[in-house]
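In: got a sequence here, can you model it:
(2 chains)
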2 protein chains.
Amino acid sequence: MADSSSLRKPTRSGVVRAAEKIARLLPPTPLLPVVIRGHRVWCKAENLQAIGAFKIRGAWHRLTDLSNDERRQGVVAVSSGNHAQGVAWAARELGIAATIVMPSDAPGVKLDGTRTLGANVVLYDRPGGESRDDVAARLVAESGATLVHAYGDPWVIEGQGSAGIELAAQLAEEPTRIVACCGGGGLAAGLALACPDSAIVPVEPEGWDDVRRSLAAGEILTVGPNPPPTACDALQTLATYPVNFEVLYGRAAAGVAVSEEEVRQAQRFAFSRLRLVLEPGGAAALAAALSGKADLGGKTVIMLTGGNVDAAAFAKVIAE
Amino acid sequence: MADSSSLRKPTRSGVVRAAEKIARLLPPTPLLPVVIRGHRVWCKAENLQAIGAFKIRGAWHRLTDLSNDERRQGVVAVSSGNHAQGVAWAARELGIAATIVMPSDAPGVKLDGTRTLGANVVLYDRPGGESRDDVAARLVAESGATLVHAYGDPWVIEGQGSAGIELAAQLAEEPTRIVACCGGGGLAAGLALACPDSAIVPVEPEGWDDVRRSLAAGEILTVGPNPPPTACDALQTLATYPVNFEVLYGRAAAGVAVSEEEVRQAQRFAFSRLRLVLEPGGAAALAAALSGKADLGGKTVIMLTGGNVDAAAFAKVIAE
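Out: Below you'll find the model as predicted:
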């Protein structure tokens, strides 16, 4: 699959430039103080972005850097739903045609949201093992569109990192550590670039913790065969990309894996204590904080990354 | 019942002073842009306050202005839960003893929250018609404590108004109008003082719209006998006070009444589009905006005032 990560490396100056572009467009998301296990920590509420997730950042940075020729040929993205909505939102703002490849079992709220933003949605059969990258590569070959990879792309990494510039400004310093959910590692790598003095703690669902294992092994490992079911649809990524791994491994961040029950507890905490709606993947970092799996000493920021969740699923979790 | 509204009138300079005190303690709540019925409007997310409601503002302004003698004798408040938590929070911060009179049918999350903050909770029988003011007056007479009225108090009005100073700064100008839920009128009167160039639109549940009727009649009217049941526990106030009415009537604000179904629709909109948890009363202003009962032209700010709702009740609403 075509991978723009071979073109250039993401940089901190690229993150700063992305943050400047995004600050002109979107208000900063709030940094909410809360006490967890006796520590005062700060929650960065990226679920309050216009599309309900941080993914709007990377999509905006990537699409605004396209040339006029590239814009005319459109963009293709692959996503379970939040990157999809980020790309669709940015494409609509810029008048660019967007085709998004989404799994047929994505949450209805994400499928609807992407279509409502005007994108052309192409479904693939995730449970059946169809390769979404093959579907996307065919669309790119047919149309000449630019692939906007969900994490393995220097612009996307830099764009997601803009959240780190924003939160450091809100905190008036770089935090001791940033705990962030991790699918392919776009956000984690971007935050690592944005905040060179902060420890970055990527959090994955148990059985999907390829980044944690890769960081421990010093090489990219994939999720094993038959991974367990997880409610964290946004974090079902089989392997990170070199462009992400090189940034994260260079920073020696150690990963954390959280259980499905820990994720549900975090959703309930966000509901009752923060009055925020979090989807399962968006609650993973909070789950690591609440469970004690992530250290909270010093100044810790916890990324609340998304809130796009079907009502019935959310109702079931909070009523438990 | 002792009523400090006879002592002095709330003023705009008092609101500004309250805003300065609160800015030193609490981060501003976000002002979230959203499109409703074709209008770009701004939602002031006061449900993201530390206690999940704006009531922390008035309580902090009142309690920090008590003398040392008054602080030693403690405070008494009457509340269905949000003012309760505001007073309990401020009292805990300042080391003041707080006794809160709450209805026995208040949401469990509000009763638990108030007790967790260290207040002494005294229950009264709201459905049975027991007078909460009588219970509070007896407590005040016995203890010499200061009554912190939920709305009929100049400090409380000024404190709630600090949200208006904050949102005008965030918007870089006073909005055309502010749509705000209304129980006794503490918030509405405070906003009217804070933003003299803005129209103030108080929103009440149908059958509990005594402020709307009072503004239309030019005199204080009470809720009629046997008012209908409402999920808006925070807005079940039988009559406003002169101190509130004089501010609101002087501004000729016209009120709006919303139905229970309109309130539930607003809770669902906040869940799916804003990723915010709102209690019924906290969604009343949004209900007025979504239903078309409140005008939205110019620059409109919608107050999202509280998010303290029992999980089972919220699950039922969003799963509808």
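In: may I have the helix or strand of chain A with the lowest mean pLDDT as PDB, with CA atoms only?
Out: When the helices and strands of chain A are scored by mean pLDDT, DSSP states H and E, helix A:132-143 comes last with a mean of 90. C-alpha atoms of helix A:132-143 as PDB (Å, rounded to 0.1, in the frame of the first residue of the first chain):
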ATOM      1  CA  ARG A 132      -9.200  -2.500   3.900                       C
ATOM      2  CA  ASP A 133      -5.800  -1.500   2.600                       C
ATOM      3  CA  ASP A 134      -6.400  -3.400  -0.600                       C
ATOM      4  CA  VAL A 135      -9.700  -1.700  -1.000                       C
ATOM      5  CA  ALA A 136      -8.200   1.700  -0.500                       C
ATOM      6  CA  ALA A 137      -5.200   1.000  -2.800                       C
ATOM      7  CA  ARG A 138      -7.600   0.000  -5.600                       C
ATOM      8  CA  LEU A 139      -9.600   3.300  -5.100                       C
ATOM      9  CA  VAL A 140      -6.400   5.300  -5.100                       C
ATOM     10  CA  ALA A 141      -5.100   3.600  -8.300                       C
ATOM     11  CA  GLU A 142      -8.400   4.200 -10.100                       C
ATOM     12  CA  SER A 143      -8.900   7.800  -9.100                       C
END
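In: against which helices or strands is the helix or strand following that helix packed?
Out: Following helix A:132-143 in sequence order, the next helix or strand is strand A:146-148 (DSSP states H and E). For strand A:146-148, the elements it packs on are helix A:56-64, strand A:75-78, helix A:132-143, judged by 3 or more C-beta pairs under 8 Å, 6 or more residues apart in numbering or on different chains; DSSP states H and E. (Glycine included, C-beta is placed from N, CA and C.)
In: give the buried residues for the helix or strand that the shortest one is followed by.
Out: For strand A:75-78, the succeeding helix or strand toward the C-terminus, using DSSP H and E, is helix A:82-94. By 16 or more other C-beta atoms under 10 Å in any protein chain shown, the buried positions in helix A:82-94 come out as A:82-91.
In: swap in stretch A:247-256?
Out: A:247-249, A:251, A:253, A:255-256.
In: which residues touch that stretch?
Out: A:10, A:157, A:179, A:182, A:185, A:188-189, A:192-193, A:199-204, A:209, A:211-216, A:218, A:240, A:288, A:293-294 (C-beta atoms under 8 Å, 6 or more residues apart in numbering or on different chains).
In: so A:Pro127 sits right up against A:Asp105, yeah?
Out: Yes - assessed by C-beta atoms under 8 Å, A:Pro127 is found in contact with A:Asp105 at 5.9 Å.
In: mind checking which of these two has more residues around it?
Out: A:Asp105 (14 against 8; other C-beta atoms under 10 Å in any protein chain shown).
In: how near is A:Gly38 to chain B?
Out: Counting by C-beta to the nearest C-beta, to the nearest Å, the gap from A:Gly38 to chain B is 15 Å.
In: what number of residues lie near that residue?
Out: 6.
In: doesn't A:Val41 fall inside a strand?
Out: Yes - counting by DSSP: H, G, I helix; E, B strand; the rest coil, A:Val41 falls inside a strand.
In: roughly how far apart are the closest residue in space to it that isn't next to it in sequence and A:Thr116?
Out: Nearest residue to A:Val41 in three dimensions, chain neighbours excluded: A:Thr300, at 4.5 Å (C-beta to C-beta, 6 or more residues apart in numbering or on different chains). Taking C-beta to C-beta, to the nearest Å as the measure, A:Thr300 falls 36 Å from A:Thr116.
In: who's more crowded, the two?
Out: For A:Thr300 and A:Thr116, the more surrounded residue by other C-beta under 10 Å is A:Thr300, and the numbers stand at 23 against 11.
In: what residues does the stretch 101-250 of chain A put near chain B?
Out: For the stretch 101-250 of chain A, the residues found near chain B under the criterion C-beta under 8 Å from any C-beta of the partner chain are A:Val109.
In: looking from chain B, tell me which residue of the stretch 101-250 of chain A is nearest.
Out: A:Val109 (6.6 Å; C-beta to the nearest C-beta).
In: surely A:Pro87 meets A:Ser79?
Out: I think there's a mix-up here, since residue A:87 is Val and not Pro. Yes - contact criterion C-beta under 8 Å: A:Val87 and A:Ser79 qualify, at 7.3 Å.
In: and for these two, which residues touch both?
Out: With C-beta under 8 Å, 6+ apart as the test, A:Val87 and A:Ser79 both reach A:55, A:100.
In: need the strands for chain A, in chain order.
Out: A:31-36, A:39-45, A:75-78, A:98-103, A:120-124, A:146-148, A:177-181, A:199-205, A:256-258, A:300-304 (DSSP state E).
In: could you list the low-pLDDT ranges of chain A?
Out: For chain A, the stretches flagged by pLDDT under 70 are A:1-7.
In: let me see the domain layout of it.
Out: A:4-53+A:153-319, A:57-147 (automatic domain parsing).
In: and those as TSV, adding distance to B:His39?
Out: Formatted as TSV, the domains of chain A follow (distance: least, C-beta to C-beta, whole Å):
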stretch	distance to B:His39
domain A:4-53+A:153-319	16
domain A:57-147	18
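In: just the endpoints, please. Distance across stretch A:30-39?
Out: 19 Å (C-alpha to C-alpha, to the nearest Å).
In: and for that stretch, what's in contact with it?
Out: A:40-45, A:48, A:167, A:170-171, A:273-274, A:289-290, A:292, A:296-297, A:300-302, B:27, B:29-30, B:45, B:48, B:50.
In: could I get the buried residue list for it?
Out: A:30-32, A:34, A:36.
In: ok, longest helix in chain A?
Out: With secondary structure taken from DSSP state H, chain A has its longest helix at helix A:154-171.
In: quick one: buried residues of that helix?
Out: In helix A:154-171, counting by 16+ other C-beta under 10 Å, buried: A:154-168.
In: cool, stretch A:199-216 as well?
Out: So, applying 16+ other C-beta under 10 Å, buried residues of stretch A:199-216: A:199-215.
In: could you check how far the residue of the stretch 151-300 of chain A found nearest chain B is from A:Glu166?
Out: Nearest to chain B, among the residues of the stretch 151-300 of chain A, is A:Arg275, at 3.2 Å (C-beta to the nearest C-beta). Distance, A:Arg275 to A:Glu166, using C-beta to C-beta: 21 Å.
In: check contacts around A:Pro127.
Out: Contacts of A:Pro127 (C-beta under 8 Å, 6+ apart): A:103-105.
In: redo that, cut-off 7 Å
Out: Neighbour list for A:Pro127: A:Asp105 [criterion: C-beta atoms under 7 Å, 6 or more residues apart in numbering or on different chains].
In: was I right about A:Glu279 contacting A:Asp310?
Out: No - counting by C-beta atoms under 7 Å, A:Glu279 stays clear of A:Asp310, with 8.9 Å between them.
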